[in-house]
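Chemist: generate coordinates for the sequence data below:
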Amino acid sequence: MQDLNVTVIQTDLRWQSPEYNRSMFEEKINALNHPTHLVVLPEMFTTGFTMEAAQWAEEMNGATVEWMKSIAQKHRLDLTGSLIIREGNKFFNRLIWVKPTGELFSYDKRHLFRMAGEHKVYGAGKKLLTVELNGWRIRPFICYDLRFPVWCRNVNLTYDLSIYVANWPQRRADAWQSLLKARAAENQAYVIGVNRIGTDGHGVSYFGDSMIIDPVGNVLEHLSQKEAMITVRLSMEKLNNFRQKFPVWKDADRFTIDEECDEPRLRNNE
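Modeler: Numbers count the residues shown, from 1 in each chain. Just a heads-up that it's a prediction; the model follows:
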């Protein structure tokens, strides 16, 4: 198994300005001076966290997805982040994952932030996504998903790295940091949380606090409150050694999620 190089971009987003934000991210990616396998952008990276879906939604063959394909191909890397996607008369806060070959994967945000009315505007996802990259199994989530450990549970070590792309406000920064560390420790997997900085069109402040955490729960990198782009190298050898020496995962409760009632159903752990 190879080590994995992941690049995190923590930056401000210009409110509801897709063309500007694409150009800004392209400039940053063009400036990369370290080899990387994956670049991670924040939640709703083209607009900021907006409920004006009808105005800013794009199709799966729209400008941003095509831009992502172009960047991935040009730099020969995987690229991911979420944006607003329209399907028929429905809208989704959808994470798009693009490979340099042009192959696409997607994950629709499962837990919609009702305090902002997100559940009234967007459709909720029902399926988890696992993407393979250089022998790593990676599972992406979006922002509010972080608060729901059942949905994020690493049953039978299904994944090696989880990624949370977010627009997580500064006023709840302590919860963001605590929950990212908890998800790493309880799931015995690396965790990467990518958040934005700046202030959005509603006056909500974001302090970033993007983090890379090892499977023990130790913080490897913490970007704090400034604009930054950093590439980290994750070790599969360290991950496997820790899982073998401290096999917490073998004692986890087994369960399935009933899509009809959205409740976990426990079954015998035998």
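Chemist: going forward, measure contacts between C-alpha atoms and count neighbours the same way
Modeler: OK.
Chemist: so what touches stretch 181-194?
Modeler: Contacts to stretch 181-194, defined as CA atoms under 8 Å, 6 or more residues apart in numbering, come from residues 8-10, 40-42, 146, 149, 152-154, 157, 159-166, 180, 208-219, 234, 239, 243, 248-249.
Chemist: show me those that map onto strands.
Modeler: 8-10, 40, 161-165, 211-213, 219, 234 (DSSP state E).
Chemist: highest neighbour count among those residues?
Modeler: Val165 (28 neighbours; other CA atoms under 10 Å).
Chemist: residues contacting it?
Modeler: Contacts for Val165 (CA under 8 Å, 6+ apart) come out as 40-43, 81-82, 140-143, 193-195.
Chemist: any idea how far it lies from Thr80?
Modeler: For Val165, the distance to Thr80 equals 9 Å [CA to CA, to the nearest Å].
Chemist: report the longest helix in the protein, please.
Modeler: If you go by DSSP state H, the chain has its longest helix at helix 173-187.
Chemist: may I see the buried residues of that helix?
Modeler: In terms of neighbour count (16 or more other CA atoms under 10 Å), helix 173-187 has its buried residues at Trp176, Gln177, Leu179, Leu180, Lys181, Ala182, Arg183, Ala184, Ala185, Glu186, Asn187.
Chemist: same check, this time on stretch 229-248
Modeler: Result for stretch 229-248 [16+ other CA under 10 Å]: buried residues Met229, Thr231, Leu234, Met236, Leu239, Phe242, Arg243.
Chemist: name the residues that touch stretch 84-95?
Modeler: Counting by CA under 8 Å, 6+ apart, 43-44, 53-54, 56-60, 80-83, 106-109, 121-124, 140-142 sit against stretch 84-95.
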